[in-house]
Structure formats: C-alpha cells, structure tokens
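Chemist: here is a sequence together with a model predicted from it:
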Amino acid sequence: MIGGFLGAGKTTCMMRLGERLRDEGRRTGLITNDQASELVDTAWFRQRGFSTAEIAGGCFCCRFDSLTDAARQLTAETRPEFILAEPVGSCTDLVATVSYPLRRIYGDRFVVAPLSVVVDPIRAERVLGLESGSSFSEKVLYIYRKQLEEAELIVINKRELLSPERLRRLSDALQERHPKSTVFQVSAREGSGLDAWFDHLRRGEAGRWKAMPVDYDVYAEGEALLGWLNATLSVESQGASGVFDGNQLLRELAEGVRQWLASRGLEIAHCKITLESRDGLGDLGIVNVVRNDFVPELGQALPESIRAGQLTFNLRAEGDPELLAEALQSTVRARVVEASEAGLVMRVEHLERFRPGRPTPTHRMAGLED
C-alpha cells in the first residue's frame, strides 16, 4: 500500500512504480480507493493501460472484503505478480486494519510489503512546525500525524520544491520523530530518487511491530471536517473554430476553485480535475491543486485542441461540502459566461458532495498474534 495524506502525490508515485514494474516485464494490477465514485485516478491508470480495480464508498479498512475481492478479480484477469493499492488520503490505522488482517487471513496468498506514507514537503514542513503557512485544524492534523506514526517507509515526494538545506532539515525532523521508519527523498514527477524506495518495497515484507493506538472519536471528527465533492461535466465547442484549448480550460477552472475557497479560508487538501477528449483518441489532461497557495499544475497535457470532452472533478477541502459545490458551480458559471462568445458549452452531468462517515474497520488487530 502507498498511503499518505490528500495531495501528497500518491497516485503519481504509484504510476511510476507500476511503469517500472511493467518495463521489467512484471505483471501488475492496481487498486484505487475513495469515499466516492467517479475517481480521476482510476481513469488515469486505465488510460495508461493498467489493469485497475476501484473500491468506492469507503476506505480499505471499512471495505476490507471489497479489497480482497478486488485482489481476487485482478488475479483472475491478469495474474499480477504485484498489486499496488492506494488507500483514501484521509485514512489511517492501516497496519492494524488492513496489513495485519491480510497477513493473518490471507498470508498463504499474499506477501504484504512495508506500508509507505508519501508526504508533500511543503505540507509536512507546516505540520511539523518547521515553516509557517496555511494548514488544517488540529483534528484533521491528528490523522496526518497518525499516518506518519504508523509508516514503515516515509517518502518525501516533490523534493525539487525544497532547497537542499530545507530538504535535509525536513528529513532529519521526520527521522527524529519516527526513528523506526526509513525516510526517502524522491520526485515522482521527475522520476528521480525512486530506485532505493522501489527496491526496498520489492524486497521487503511488512514489519511485526505492535499497531499504534488510535482515538477513533478524534479520527472520525477529523474526517468529518473534510468536505468531499465529485462531479462530471460535459464540455463542447459550438463556436466557429469548432475546437477549444482544453489545457487552458483546466488551468482556469482549477484556479477559479482555488481562489473561491482561499478567499473564504477553506484549506484545499486536493483538487484534481481531468478532461477526457471525446474526439475519439481518448486523450486525457490532468490539473492538480494541493494547497491554497499552490499554483494549479498541469500534470498531463492534452496534445492538441479538442472539440468535446468530459470534465471530472475530485475536490477535497476542509469545509462544508455545500460550499465546495458552490465553489465549483460559481467557477463554472463564470467560465461559461466568459466562454459563451467563443461558443463553449458546459453542462453538469453528475455532482455529489458529503462528509466522510465514521470509520468502522471490518477487522482490527493490534499485532499478528491477536
């Protein structure tokens, strides 16, 4: 499992590892996970040719049987040698509720690798008090800190964002506070620093240390402070040119949502938007925002202008889900008005928003012998 808080870059890390294994000729299956359906990540993995199963409606710990069903489905379809799984970014206590039950119940079928927890370096600096800046409330940070506490491998992603001095200070601080963990510094986006981490994952097996204590009341309250929004929209050019710049549209929508939320003090955990071309080639553009003070980043660009497509929004932020919906609708309305002269038409096809419910794990084992 490759865990970590929302916006840390888990999906890009998992894509890199999947590509590495595929290049080596190893069969690989992927499992995505979220509180809701219509996951951007699932579409991205499938577009890149990976056999992918999606578990929606709860985290791995609460949907443990769905996780094992998905693993069996992938095994029947493609007989993967490796299964990579990305849990929900607001989930913790994975060792006690997923790793140990998998080893205890299905130890004859699976070898469970050490749990990796990926962190965004800017967010981690703020959580650890090394730098100032916008962040989350204490109950949300409780989840973040618990994720670090149970990590066997802590992976500082996006290392290019920090100077060597700040990167060393962050790495030292994480190692000092979590001495049992191994800390790596990587850039999944640039594909650098990954070898040592990937080698450790492939060779290693999850440890046997005692699971950490978790206050499920605080955990549940922290998750409930986060708003969740998934939406899909159709977009089509009816102007004279017949096409539009999808990459520019992605940037403008992400920036509009970011500004709307930041102006109201709602901290973004992760806003990920894709635009899938409906022109027949299945091209996909992706833009990300991972903090209020983050410039929208085009993670994957569409190769050319398109005639029509489908937008998928996955937005997670600390705040009322109704406000997240208002941020999206306000941004789309503004963009439609601006684009009307160019003949760009957008329609909301699906929109759901909610707060995650209380986590209720299927199993919880404090140790392998329990």
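Modeler: Here it is on my side, so go on.
Chemist: and the residue of the chain most remote from its centre, how far is that from G343?
Modeler: If you look at how far each residue of the chain sits from its centre, by CA atoms, centre = their mean, the farthest one is A240, at 38.3 Å. Spatial separation of A240 from G343 under the definition CB to CB, to the nearest Å is 7 Å. In this view, the C-beta of every residue, glycine as well, is placed from N, C-alpha and C.
Chemist: so which residues of the chain form helices?
Modeler: Assigned by DSSP state H, the helices in the chain fall at 10-23, 40-47, 64-78, 94, 100-106, 121-127, 138-150, 164-177, 195-203, 216-224, 246-262, 321-339.
Chemist: what packs against the fifth one?
Modeler: This points to helix 100-106. When contacts are defined as 3 or more CB pairs under 8 Å, 6 or more residues apart in numbering; DSSP states H and E, helix 100-106 sits against helix 64-78.
Chemist: mind doing that once more with 7 Å?
Modeler: Using 3 or more CB pairs under 7 Å, 6 or more residues apart in numbering; DSSP states H and E as the contact criterion, no helix or strand is in contact with helix 100-106.
Chemist: same deal with the second one?
Modeler: In terms of contacts (3+ CB pairs under 7 Å, 6+ apart), helix 40-47 is packed against strand 28-34, strand 51-56, strand 268-277, strand 284-289, strand 308-318.
Chemist: can you lay out these as JSON lines showing distance to I122, mean neighbour count and mean pLDDT?
Modeler: Converted to JSON lines, those look like this (distance: least, CB to CB, whole Å; neighbours: other CB atoms under 10 Å; pLDDT from 0 to 100):
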{"stretch": "strand 28-34", "distance to I122": "23", "mean neighbour count": "25", "mean pLDDT": "93"}
{"stretch": "strand 51-56", "distance to I122": "29", "mean neighbour count": "20", "mean pLDDT": "92"}
{"stretch": "strand 268-277", "distance to I122": "13", "mean neighbour count": "24", "mean pLDDT": "96"}
{"stretch": "strand 284-289", "distance to I122": "13", "mean neighbour count": "24", "mean pLDDT": "95"}
{"stretch": "strand 308-318", "distance to I122": "16", "mean neighbour count": "23", "mean pLDDT": "96"}
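Chemist: which one of the ones you listed lies closest to L229?
Modeler: With distances scored as CB to CB, the stretch of the helices and strands packed on helix 40-47 nearest to L229 is strand 308-318 (4.3 Å).
Chemist: and the angle from the closest one to helix 246-262?
Modeler: Taking axes from the mean of the first three to the mean of the last three CA atoms, to 10 degrees, one finds that strand 308-318 is oriented at 20 degrees with respect to helix 246-262.
Chemist: direction included, what does strand 308-318 pair up with?
Modeler: Paired with strand 308-318 in the same sheet, following DSSP bridges, are strand 226-237 (antiparallel), strand 268-277 (antiparallel).
Chemist: what angle sits between it and helix 40-47?
Modeler: Per the same axes, to 10 degrees, the angle that strand 308-318 makes with helix 40-47 is 140 degrees.
Chemist: pLDDT score for P164?
Modeler: The pLDDT attached to P164 in the predicted structure is 98.
Chemist: pull the number of nearby residues for it.
Modeler: Using other CB atoms under 10 Å, P164 is surrounded by 9 other residues.
Chemist: what about it, distance to D195?
Modeler: Taking CB to CB as the measure, P164 falls 19 Å from D195.
Chemist: likewise for D172?
Modeler: When distances are taken as CB to CB, D172 and D195 turn out to be 22 Å apart.
Chemist: try L30
Modeler: With distances taken as CB to CB, L30 is found 21 Å from D195.
Chemist: go on, L153?
Modeler: L153 sits 14 Å away from D195 when distances are taken as CB to CB.
Chemist: low-scoring stretches of the chain, by residue?
Modeler: Counting by pLDDT under 70, the chain has low-confidence residues at 38, 336-342, 368-370.
Chemist: mind redoing it with 80?
Modeler: Counting by pLDDT under 80, the chain shows low-confidence ranges at 36-39, 204-205, 207-209, 239-240, 280-282, 335-343, 367-370.
Chemist: buried ones in stretch 172-186?
Modeler: Of the residues in stretch 172-186, those scored as buried under the neighbour-count criterion (16 or more other CB atoms under 10 Å) are 173-174, 178, 181-186.
Chemist: which of these sits closest to A124?
Modeler: Closest to A124, out of all of the buried residues of stretch 172-186 and judged by CB to CB, is L174, at 7.2 Å.
Chemist: quick one: residues contacting the closest one.
Modeler: 154, 183 (CB atoms under 7 Å, 6 or more residues apart in numbering).
Chemist: could you do the one 10 residues further on as well?
Modeler: Residues in contact with F184, defined by CB under 7 Å, 6+ apart, are 153, 155-156, 193, 196-197.
Chemist: quick revisit: neighbour count winner among L153 and D195?
Modeler: Set side by side, L153 and D195 show more neighbours around L153, with 19 against 11, by other CB under 10 Å.
Chemist: show me the beta-bridge partners of the more buried one.
Modeler: Residues found in beta-bridge contact with L153 (criterion: DSSP bridges) are S116, T182.
Chemist: gap between it and A113?
Modeler: Distance of L153 to A113, computed by CB to CB: 9 Å.
Chemist: got the buried residues for stretch 319-336?
Modeler: Of the residues in stretch 319-336, 319, 321, 323-325, 327-328, 331-332, 335 count as buried by neighbour count, 16+ other CB under 10 Å.
Chemist: can you lay out those as CSV showing distance to Q248?
Modeler: Formatted as CSV, the entries for these read as follows, by distance: CB to CB, whole Å:
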residue, distance to Q248
G319, 27
P321, 28
L323, 26
L324, 23
A325, 24
A327, 20
L328, 18
T331, 14
V332, 15
R335, 11
